[in-house]
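Asker: sequence and predicted structure, then a few things I'm wondering about:
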Number of protein chains: 2
Amino acid sequence: MDVDALDTPFLTVDRTVLERNLATSARRARDRGVAWRPHAKTHKSVAVGRRQLAHGAVGLTLATVGEAEVFAAAGLDDLFLAYPIWAVGDRAERVRVLAGAVRLRIGVDSVAGAEQLADALRGAPAQVVVEVDCGHHRTGVDPRRAGEVAARAVARGLDVVGVFTFPGHAYAPGGRETASADEGRALDVAARSLTAVGIEPLVRSGGSSPTERVDTEPHAFLHPVTETRPGVSVFGDAQQVELGSIGFADCALGVVATVVHSRDGAVVVDAGSKVLGTDRAPWATGHGRLPAHPHARVVALSEHHATVVLADEPVPAVGSRLVVVPNHVCTSVNLVDRLVVVEGHEVVDTWPVDARGANT
Amino acid sequence: MDVDALDTPFLTVDRTVLERNLATSARRARDRGVAWRPHAKTHKSVAVGRRQLAHGAVGLTLATVGEAEVFAAAGLDDLFLAYPIWAVGDRAERVRVLAGAVRLRIGVDSVAGAEQLADALRGAPAQVVVEVDCGHHRTGVDPRRAGEVAARAVARGLDVVGVFTFPGHAYAPGGRETASADEGRALDVAARSLTAVGIEPLVRSGGSSPTERVDTEPHAFLHPVTETRPGVSVFGDAQQVELGSIGFADCALGVVATVVHSRDGAVVVDAGSKVLGTDRAPWATGHGRLPAHPHARVVALSEHHATVVLADEPVPAVGSRLVVVPNHVCTSVNLVDRLVVVEGHEVVDTWPVDARGANT
């Protein structure tokens, strides 16, 4: 089937670009000597998760218990909940069931969270890792206090295997190298904090899509990074293009839209915030980018409209189709039920976004 | 069931506040002498649509053919697609089927769009209204050119019944009165443009949640507004609170979240952009508001984390629950599959978000 037969707006994934992106991420991890555990929150798709494993991923990273349940039910059995899960009530029971079904790793970032997790697991097997803050200042304890949380977790019978961090401050112009160095330093400090209380920090997990391509010196720290968790790089997005991490040719995912209104110098297409998402960093030049019109900018976004200003080029007529790469691919994918897989203009497959909306 | 038994994050609708908001919108429309046709894109829920009709709505407004299909299938039979639908291929057939099933009204804003719609309908009955731009500069023709589009539509056999506009520039501080006046003026000019080509402009549809409460002088124009289409006011949101349109007591919808990380002066909760949405106007003070902590601000948002800075008050402990009102309720509702209906702490119903993701 030709992709133009489908009603707009919809998301396409170019299979050739996707496969190339997967091979690149896998090679980068191999070259750095680290395990590759991509974050599945980006695609929420069992089909894409299976391709990542086929390319050598050691397992998947997930953000919520609900996401992990979806992937576990599909038979993917090595899952890391890289989030300080607060496991009470129904969620406590869900975590315990998951721990019995797959090889599960869970993050904690406080003594209270460790206590709660021990109560929830009631002896079910799970690896525990302590989240530390490396400069993004979201969750995570001070790396020097990782041992304190780890010791309490061990005292409660939990199997602490290491530390992790998210260098979110890499998602800013010039932030990549700084954040990557911060990540290495924080994981090293946190690992020392664990050894100081007699716990071996086997896992030192970091990484993000911007930092996965930073070639850090493997012996820069006593405890170098052992694992990377890039999410976005599977598809790429306009944010990564504007940060200079990738080019338009690396963007596997696009939103196909129809021009519904055309005027001097601008068009309005039928892809709004309910399919592109509204994420926009302060430094972004608009609400997404058009690879076929690199000088165009998406200057305004409503729920079902995007206003595109063109630069010195013919204005597409009403009824034309345009492809918009979203600013942040993770939130765009979460707005649809399926991904249309293409090779050129040919639809070759359809992948459900299995864990869409799995927020709890 | 107590609402605290549910795993976070989830969306609650306070039934008492909802019913009060519906009664208020209905009364405002009656007092102004205009028809009330609320925009269902806000709630995407058949249950809420039925309550609007019970309160006196003449029908519902929708943004996409997919949304209209969902409401039509549930038996709601007076639907206005307030969007310049480009009806080709499968969508042409879908529009024709809808026109045969319900009393359908559709927007056009170009001669090309009118031609396309006539080809799609192939004689199926539908009312057509011409969209005009009243200052928001998204879609819509210049009001003076409405007659030109209308005449072509009539020549192609379409049943043109009037004009409509969206005063989107009302969603800015101080924009309410200006946008409301612009709306009245543009609809009047557009109506005159229709009468000039011999078409009676029976429908002059305008309105938004900010402007629905502006008491315009009914005889200010030769052709006063006949209909209002507020969306957000059914639930209210932080944007409307910060614009001064409503107070926290008018917010029927909230996101219930758990504190997963607590530190000096700030907490991180498990409600991120995948449940709150990322919409943030330039003048907004954060990524949502907390009615129980009116001086707190949501200073950062990731996919599954919101960082809340508190002002001179005790910091909630890890595991506490907080309610966040999203900035823009329409995009938040579209991220979940159901709304948990409460009276106080008691869960009294669950309403599916029937048209979630119905983007095409």
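Answerer: Looks like it arrived, so ask away.
Asker: going by C-alpha atoms from here, please, whenever you check contacts or count neighbours.
Answerer: Noted.
Asker: could you measure from residue A:12 over to chain B?
Answerer: 14 Å (CA to the nearest CA, to the nearest Å).
Asker: could you find the closest non-adjacent residue to that residue?
Answerer: residue A:340 (4.6 Å; CA to CA, 6 or more residues apart in numbering or on different chains).
Asker: same question, residue A:235
Answerer: residue A:252 (4.8 Å).
Asker: residue A:273 too?
Answerer: residue A:303 (4.6 Å).
Asker: what's the burial count for the one you found?
Answerer: Neighbour count for residue A:303, taken as other CA atoms under 10 Å in any protein chain shown: 19.
Asker: is it true that it touches residue A:274?
Answerer: Yes - counting by CA atoms under 8 Å, residue A:303 touches residue A:274, with 5.3 Å between them.
Asker: which residues do the two both contact?
Answerer: When contacts are counted by CA atoms under 8 Å, 6 or more residues apart in numbering or on different chains, residue A:303 and residue A:274 are jointly contacted by residue B:331.
Asker: starting at the chain centroid, how far to stretch A:49-61?
Answerer: Chain-centre distance of stretch A:49-61: 13 Å, with CA atoms, centre = their mean, to the nearest Å.
Asker: also stretch A:180-198?
Answerer: 23 Å.
Asker: can you name the next helix or strand after whichever helix or strand residue A:79 is part of?
Answerer: Here residue A:79, judged by DSSP states H and E, is contained in strand A:78-84. From strand A:78-84 onward toward the C-terminus, using DSSP H and E, the following helix or strand is helix A:89-101.
Asker: so that following helix, near chain B or not?
Answerer: Yes - using CA under 8 Å from any CA of the partner chain, helix A:89-101 comes into contact with chain B via A:89, A:90, A:91.
Asker: so which elements touch that helix?
Answerer: In terms of contacts (3 or more CA pairs under 8 Å, 6 or more residues apart in numbering or on different chains; DSSP states H and E), helix A:89-101 is packed against helix A:65-73, helix A:111-121.
Asker: out of the ones you listed, which is closest to chain B?
Answerer: Among those, helix A:111-121 comes nearest to chain B, with 7.3 Å by CA to the nearest CA.
Asker: whichever helix or strand comes after that closest one near chain B at all?
Answerer: Moving toward the C-terminus from helix A:111-121, the next helix or strand (DSSP H and E) is strand A:127-131. No - Strand A:127-131 lies apart from chain B when judged by CA under 8 Å from any CA; the minimum separation is 11.0 Å.
Asker: now strand A:127-131: average pLDDT?
Answerer: The pLDDT scores in strand A:127-131 average 98.
Asker: the next helix or strand after it and chain B in contact?
Answerer: Using DSSP H and E, the helix or strand that follows strand A:127-131 towards the C-terminus is helix A:146-155. No - Helix A:146-155 is not in contact with chain B by CA under 8 Å from any CA; minimum separation 13.2 Å.
Asker: my read: residue A:18 touches residue A:252, true?
Answerer: Yes - counting by CA under 8 Å, residue A:18 does reach residue A:252; the two are 5.4 Å apart.
Asker: now do the shared contacts for the two.
Answerer: Going by CA under 8 Å, 6+ apart, residues that sit against residue A:18 and also against residue A:252 are A:234, A:235.
Asker: so which strand or helix has residue A:30?
Answerer: Per DSSP H and E: helix A:15-32 holds residue A:30.
Asker: got it, and residue A:267?
Answerer: According to DSSP H and E, residue A:267 maps onto strand A:266-269.
Asker: how about residue A:298?
Answerer: Taking DSSP H and E as the criterion, residue A:298 maps to strand A:297-301.
Asker: what helices or strands is that strand leaning on?
Answerer: strand A:306-309.
Asker: show me what the strand it packs on is packed against.
Answerer: So strand A:306-309, by 3+ CA pairs under 8 Å, 6+ apart, packs with strand A:266-269, strand A:297-301.
Asker: with mean neighbour count and mean pLDDT added, can I get the ones you listed in TSV?
Answerer: Shown next, in TSV, are the helices and strands packed on strand A:306-309 (neighbours: other CA atoms under 10 Å in any protein chain shown; pLDDT from 0 to 100):
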stretch	mean neighbour count	mean pLDDT
strand A:266-269	25	97
strand A:297-301	19	98
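Asker: residue A:111: which of those is closest?
Answerer: strand A:297-301 (43.1 Å; CA to CA).
Asker: pairing partners for the closest one, with directions?
Answerer: Pairing partners of strand A:297-301, with direction, according to DSSP bridges: strand A:306-309 (antiparallel).
Asker: helices or strands up against the next helix or strand after the partner strand?
Answerer: Tracing the chain past strand A:306-309, the next element assigned as helix or strand by DSSP H and E is strand A:321-324. Packing contacts for strand A:321-324, counted by 3+ CA pairs under 8 Å, 6+ apart, involve strand A:253-263.
Asker: show residues contacting the strand it packs on.
Answerer: Residues contacting strand A:253-263 (CA under 8 Å, 6+ apart): A:8-14, A:235-237, A:267-271, A:275-276, A:315-326, A:329, B:84-86, B:109-110, B:113, B:139-140.
Asker: okay, now the unreliable bits of the stretch 101-250 of chain A?
Answerer: A:215-219 (pLDDT under 70).
Asker: can you name the residue of it nearest chain B?
Answerer: For the stretch 101-250 of chain A, CA to the nearest CA, closest residue to chain B: residue A:139, 6.2 Å.
Asker: next one: phi and psi at that residue?
Answerer: Recorded main-chain torsions at residue A:139 are phi -100, psi -180, according to degrees, to the nearest 10.
Asker: not counting its neighbours along the chain, what's nearest the residue positioned nearest the centre of chain A?
Answerer: Against the mean C-alpha coordinate of chain A, by CA atoms, centre = their mean, the closest residue is residue A:231 at 2.7 Å. Spatial nearest neighbour of residue A:231, chain neighbours left out: residue A:39 (4.4 Å); criterion: CA to CA, 6+ apart.
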